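**Student:** Using only what follows, build the 3D model:
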Amino acid sequence: MKRLIVITSPHFFPGEDSILSHLFKEGMQHLHLRKPDSSADELRQLLDRIPDIYYPKIVLHDCFGLVAEYGLGGIHLNRRNSQIPDGFTGTISRSCHSIEELGQFDKLDYLFLSPIFQSISKEGYGSGFEMETLRQASIAGIIHDKVIALGGIDLTTLPLLRPFHFGGVAVLGALWGNHPSADKENFIITQYKKLQTWN
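**Tutor:** Model (predicted):
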């Protein structure tokens, strides 16, 4: 079973906690909580409104001290937060933006490779990888079940990934769109169910 990882919208919005809880009820196993401009207190406010049974399925991109405080599942390293806290024992993932980087961090639990396609949520964020580059990296074993495809992943691009050896995909724009809101909950849940079938 390949992973389907959901990355939160970068901005908080009313009703977000309800939608995230609903997604967990629909079977979401991996949530990356990424709010790059937020404080620890703002993240706490969101976490406090999500049932604690789901905390082990949440990975933080910032404010790593909250992982132990809430019993969250892991941390995600990036350019802003590149150091593993002393004594950390949860899952560790990282963002990579080149094939070469994948080899540097292959001891981690899993890696995001992005942008695979033109990003939906970040305009001007790279044009993606050549399909031949991905094919060669798969043949060489550089793309394997610990590498997660990110960037421009939606229902139309998912089938293009089948020939490669990715261990899963991470979605952001395909689920949330550019302006998520509480009144789009049914649409978001429907989108998630469709994305679940990519395996």
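**Student:** Might you list the low-confidence residue ranges for this protein?
**Tutor:** 1, 119-127, 199 (pLDDT under 70).
**Student:** Show me where it has its strands.
**Tutor:** In the chain, the strands defined using DSSP state E lie at 3-7, 30-33, 58-60, 74-77, 91-96, 110-113, 147-150, 168-171.
**Student:** Run through who's touching the fourth one.
**Tutor:** When you say that, I think you mean strand 74-77. Contact with strand 74-77 is made by 32, 34, 59-61, 64, 67, 81, 83-85, 88, 90-95, 108-109, 112, as judged by Cβ atoms under 8 Å, 6 or more residues apart in numbering. (Glycine included, C-beta is placed from N, CA and C.)
**Student:** partners of that strand, with directions?
**Tutor:** Partner strands for strand 74-77, per DSSP bridges, with pairing direction: strand 58-60 (parallel), strand 91-96 (parallel).
**Student:** Also the second one?
**Tutor:** Strand 30-33 has its sheet partners listed here by DSSP bridges as strand 3-7 (parallel), strand 58-60 (parallel).
**Student:** Quick check: which of those is nearest to residue 156?
**Tutor:** Minimum separation from residue 156 across the strands paired with strand 30-33 (Cβ to Cβ) falls at strand 3-7, 16.1 Å.
**Student:** what about dumping the CA coordinates of the closest one to CSV?
**Tutor:** Taking Å, rounded to 0.1, in the frame of the first residue of the first chain, the C-alpha atoms of strand 3-7 are listed here in CSV:
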residue,chain,number,x,y,z
ARG,A,3,1.4,6.3,1.2
LEU,A,4,-0.9,9.2,0.6
ILE,A,5,0.4,12.1,2.7
VAL,A,6,-1.7,15.2,3.2
ILE,A,7,0.1,18.5,3.8
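**Student:** Number the chain from 700, please
**Tutor:** Right, with 700 as the first residue, what we last looked at is strand 702-706.
**Student:** follow-up on the earlier one: would you point to the one among the strands paired with strand 773-776 that's packed deepest?
**Tutor:** The highest mean neighbour count among those, using mean count of other Cβ atoms under 10 Å, belongs to strand 757-759: a mean of 24.
**Student:** Alpha carbons only: can I get stretch 867-876 in PDB?
**Tutor:** What follows is stretch 867-876 as a C-alpha-only set of coordinates in PDB (Å, rounded to 0.1, in the frame of the first residue of the first chain):
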ATOM      1  CA  GLY A 867       3.800   7.300  -2.100                       C
ATOM      2  CA  VAL A 868       2.600  10.800  -2.900                       C
ATOM      3  CA  ALA A 869       2.100  14.000  -0.900                       C
ATOM      4  CA  VAL A 870      -0.700  16.400  -1.800                       C
ATOM      5  CA  LEU A 871      -1.500  19.900  -1.000                       C
ATOM      6  CA  GLY A 872      -3.000  22.000  -3.800                       C
ATOM      7  CA  ALA A 873      -5.000  19.100  -5.200                       C
ATOM      8  CA  LEU A 874      -6.800  18.800  -1.900                       C
ATOM      9  CA  TRP A 875      -7.100  22.300  -0.500                       C
ATOM     10  CA  GLY A 876      -7.100  24.500  -3.600                       C
END
